[in-house]
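Undergrad: The sequence and its predicted three-dimensional model are supplied below.
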Amino acid sequence: MVKICCIGAGYVGGPTMAVIALKCPEIEVAVVDISVARISAWNSDQLPIYEPGLDGVVKQCRGKNLFFSTDVENHVSDADIVFVSVNTPTKTQGLGAGKAADLTYWESAARMIADVSKSDKIVVEKSTVPVKTAEAIEKILTHNSKGINFQILSNPEFLAEGTAIQDLLHPDRVLIGGRETPEGQKAIQTLRDVYAHWVPVEQIICTNLWSAELSKLAANAFLAQRISSVNAMSALCEATGADVTQVSHAVGKDTRIGPKFLNASVGFGGSCFQKDILNLVYICECNGLPEVANYWKQVIKVNDYQKNRFVNRVVSSMFNTVSGKKIAILGFAFKKDTGDTRETPAIDVCKGLLGDKAHLSIYDPQASEDQIQRDLSMKKFDWDHPIHLQPMSPSSIKQVRCVWDAYEATKDAHGICILTEWDEFKTLDYHKIYDNMQKPAFVFDGRNVVDADKLRKIGFIVYSIGKPL
Ligand code: NAD
Ligand code: UGA
């Protein structure tokens, strides 16, 4: 019987292992973490992350062949395959600060694996890491290995939050990279057999280690680039009278381009796009490729430009000041169907409005008040480094209120900013909202979710992304 252990019970480790346990009943899967609170939540009825379909999968397997534990060392020691799915944030200090990946958590996991192992193991990179990380990990493992054989595989994860369970059940592909030696190929085969329980074998791609590591960074860079491309077009649409939705539709009809991931927005967010592109940029610079680095850097610059543009539009349309004005923020999570607020564009937009002394009333169906307050008081890049978390600044607490529904948030507000595309924002009673707002009542739709013409008929002044006024 194969035993799997996954180090890191986060957004990737938890759902991925739950699906492996569901599809491979004969495999025992242990998910371990140093965070006691996270593991307790995984063992409770209130899972630590909100993800459609996750509760059902966990309930079906937990206690049978799926276990969540803080006993990291024992489970690692027992396992045949060890996945490492710890966070790999952007470095905040020292060489490469603000760009390079911080591999502290990865390295400490690798050292622990080397220390506690008593039998041969396959160690799987599940975290997103710089190209050539496997080489560094191999060094750590083999230098401490006491004769134990470790095979390193790269098996990056492509799930998106909000659709994680569906993405895991029906992946476009599974990617496994390994050494081109007989031992490396055997390790690839072992992991392939796990996925082959439910993924058609032709969708399991096997490559060398460096291709697998780089493909993950490349995939995220390509995806983010599409959003920056359409967002750059949205600025041109606003200047010319074209409508970005019509442009995206027309462009996406070309089968070589395709229709997905072309929604203009206030900007992309999430824990990975920016971090992984910065990491890619750093790798290019270290390899003497400044032109390639600059090319990818532009994807982030356009994203920052889009968020700034949004704030400037709010302030300039509201007579050049939002000082003392109540602005309702509808949606704070980085996308719908998740409570995750890591790198959400809402943080930059809210900070921009607070900088102009606005009073914010924030409603999100999933993001908690504690999380929102913490996000707004944290420095850039500190969110994934618990050690750096700063105390909240009293001024931002005073100017920010989190409320329990959209009607409360918009009561007496001068303007509304829609920052997450939650479905419920499409069907709000906008007549009621309009009646309870200050006039003129503004709507800035950062996700193009409302019917702007309908709202204008009610009396709102509506600004959408990339659309004529
Ligand atoms: P996360 O922060 O939610 O989870 C990481 C977990 O690892 C935390 O619970 C932390 O306590 C734990 N951890 C850190 N060091 C540890 C150690 N030494 N021993 C035991 N536990 C330890 O992160 P995540 O969102 O799950 O991302 C994990 C990795 O997967 C990152 O590299 C990320 O880039 C990548 N990734 C994320 C997504 C996503 O949608 N979130 C998708 C694909 C890939
Ligand atoms: C993304 C990738 O889609 C996953 O394949 C990858 O595994 C993951 O990053 C990762 O490595 O962490 P995720 O960030 O969870 O997944 O969510 P996405 O659906 O990609 O959305 C990212 C951001 O882009 C969100 O803020 C979303 O609102 C925005 N977006 C997305 C747009 O603004 N327009 C679009 O057309 C699509």
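TA: Ah, there it is. These figures come from a predicted structure and were not determined experimentally. Ligands and ions are numbered 1, 2, ... in the order given.
Undergrad: Could you list the contact residues of this protein toward ligand 1?
TA: Contacts of the chain with ligand 1, taken as Cβ under 6 Å from any ligand atom, map to 7-13, 33-35, 38, 72, 85-88, 105, 108-109, 127-128, 157, 159, 161, 271-272. The C-beta positions use only the backbone N, C-alpha and C, and glycine is treated the same way.
Undergrad: quick one, strands of the stretch 101-250 of the chain?
TA: All strands of the stretch 101-250 of the chain, identified by DSSP state E, counting those that start in this stretch, fall at 121-125, 150-154, 174-178, 204-208.
Undergrad: tally of neighbours for the residue in the chain that ligand 1 sits nearest to?
TA: Nearest to ligand 1 in the chain, going by Cβ to the nearest ligand atom, is G10, at a distance of 1.9 Å. A count of neighbours around G10, defined by other Cβ atoms under 10 Å, yields 20.
Undergrad: per-domain residue ranges of the protein.
TA: 3-199, 220-464 (automatic domain parsing).
Undergrad: Could you save these as CSV and add columns showing distance to L209 and mean pLDDT?
TA: Putting these into CSV (distance: least, Cβ to Cβ, whole Å; pLDDT from 0 to 100) gives the following:
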stretch, distance to L209, mean pLDDT
domain 3-199, 4, 96
domain 220-464, 15, 94
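Undergrad: Contact partners for L280?
TA: By Cβ atoms under 8 Å, 6 or more residues apart in numbering, the contact set of L280 is L217, A218, A221, W296.
Undergrad: Swap in 6 Å and give it another go.
TA: Counting by Cβ atoms under 6 Å, 6 or more residues apart in numbering, L280 touches L217, A221, W296.
Undergrad: could you say which helix or strand contains it?
TA: For L280, the element it lies in under DSSP states H and E is helix 273-286.
Undergrad: Keeping just the C-alphas, turn that helix into PDB.
TA: What follows is helix 273-286, C-alpha atoms only, in PDB (Å, rounded to 0.1, in the frame of the first residue of the first chain):
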ATOM      1  CA  PHE A 273       0.200  35.700 -10.600                       C
ATOM      2  CA  GLN A 274       2.300  38.600  -9.400                       C
ATOM      3  CA  LYS A 275       4.600  36.500  -7.200                       C
ATOM      4  CA  ASP A 276       5.300  34.000 -10.000                       C
ATOM      5  CA  ILE A 277       5.900  36.700 -12.700                       C
ATOM      6  CA  LEU A 278       8.300  38.600 -10.400                       C
ATOM      7  CA  ASN A 279      10.000  35.300  -9.800                       C
ATOM      8  CA  LEU A 280      10.200  34.700 -13.600                       C
ATOM      9  CA  VAL A 281      11.600  38.200 -14.100                       C
ATOM     10  CA  TYR A 282      14.300  37.600 -11.400                       C
ATOM     11  CA  ILE A 283      15.300  34.300 -13.000                       C
ATOM     12  CA  CYS A 284      15.600  36.100 -16.400                       C
ATOM     13  CA  GLU A 285      17.800  38.800 -14.900                       C
ATOM     14  CA  CYS A 286      20.000  36.300 -13.100                       C
END
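Undergrad: mind checking how far the helix or strand following it is from the chain centre?
TA: Proceeding N to C from helix 273-286, the next assigned helix or strand is helix 290-317, under DSSP H and E. Its chain's average C-alpha position is 19 Å from that of helix 290-317, according to Cα atoms, centre = their mean, to the nearest Å.
Undergrad: In helix 290-317, which residues are buried?
TA: Using 16 or more other Cβ atoms under 10 Å as the test for burial, helix 290-317 gives 293, 296-297, 299-300, 302-303, 305-307, 309-311, 314-315, 317.
Undergrad: what does stretch 66-85 give?
TA: Going by neighbour count (16+ other Cβ under 10 Å), the buried part of stretch 66-85 is 66-69, 72, 75-85.
Undergrad: Among the residues you listed, which lie within strands?
TA: Counted as lying in strands by DSSP state E, out of the buried residues of stretch 66-85, are L66, F67, F68, S69, I81, V82, F83, V84.
Undergrad: Just give me the closest of these to Q246.
TA: Closest to Q246 out of those is F83 (44.2 Å), distances taken as Cβ to Cβ.
Undergrad: Report the contact partners of the residue nearest to the closest one when sequence neighbours are not counted.
TA: The shortest distance from F83 to any non-neighbouring residue, by Cβ to Cβ, 6 or more residues apart in numbering, is to C6 (4.1 Å). C6 sits next to G13, M17, V31, F83, S85 when contact means Cβ under 6 Å, 6+ apart.
Undergrad: Just name the closest of those to A367, please.
TA: Of all the contacts of C6, A367 sits closest to G13, with 21.3 Å by Cβ to Cβ.
Undergrad: The closest one contacts V84, correct?
TA: No - using Cβ atoms under 6 Å, G13 is not in contact with V84, being 8.9 Å away.
Undergrad: Let me know the distance separating the residue in the chain sticking out farthest from the centre from G94.
TA: In the chain, the greatest distance from the average C-alpha position (Cα atoms, centre = their mean) is reached by G147, at 38.6 Å. Separation of G147 from G94 (Cβ to Cβ, to the nearest Å): 35 Å.
Undergrad: With V12 instead?
TA: When distance is defined by Cβ to Cβ, V12 is 26 Å away from G94.
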